[in-house]
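I need the structure of the sequence given here:
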Amino acid sequence: MKAEELRQLSTEELVQKKGELARELFNLRFQLATGQLSTHTSLKKTKRDIARVKTVLRELYARGEAEE
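Predicted structure coming up:
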């Protein structure tokens, strides 16, 4: 997911997206530990998506457009 797409979402949607990605990362780590994960690149992609969401949220907070 690109940062530009994330900037079009509301604060609530971004927080929800961050939660979904965190659950996905947990599941991927669990699959890695049990040997069921076939591609390790999905871990990297998910971590970067979480970072993008956090960055956009931080931008909104800095501009005062988001509530805590």
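
so where do the helices sit in the chain?
Secondary structure of the chain by DSSP state H: the helices cover 3-7, 11-34, 41-63.

The last one vs helix 11-34, what angle?
If I follow you right, that is helix 41-63. Relative orientation of helix 41-63 versus helix 11-34 (axes from the mean of the first three to the mean of the last three CA atoms, to 10 degrees): 150 degrees.

when you give positions from now on, start the count at 28
Sure thing, new numbering starts at 28, so read that last one as helix 68-90.

Quick one: mean pLDDT for helix 68-90?
Mean pLDDT, computed over helix 68-90, is 95.

With the longest one instead?
For helix 38-61, the mean pLDDT works out to 96.

Next, the buried residues of that helix.
Buried positions in helix 38-61, judged by neighbour count with 16 or more other CB atoms under 10 Å: 41, 44-45, 48, 51-52, 55. No exception for glycine: its C-beta is placed from N, CA and C like everyone else's.

Give me the nearest residue to the residue most central in space within the chain, chain neighbours excluded.
The chain has residue 77 as the residue nearest its centroid, 2.5 Å off, counting by CA atoms, centre = their mean. Once flanking residues are discounted, residue 77 sits nearest to residue 48: 4.8 Å by CB to CB, 6 or more residues apart in numbering.

What residues does that neighbour make contact with?
When contacts are counted by CB atoms under 8 Å, 6 or more residues apart in numbering, residue 48 touches 73, 76-77, 80.

If any of these are buried, give me the PyMOL selection for them.
Buried residues among the contacts of residue 48 (16+ other CB under 10 Å), as a PyMOL selection:
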select buried, resi 73+76+77+80
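
Out of the contacts of residue 48, give me the two with the largest separation.
73 and 80 (10.8 Å; CB to CB).

Burial check on residue 82, number of neighbours?
Close neighbours of residue 82, defined as other CB atoms under 10 Å, add up to 13.

In contact with it, which residues?
Counted by CB under 8 Å, 6+ apart, residue 82 has contacts residue 30.
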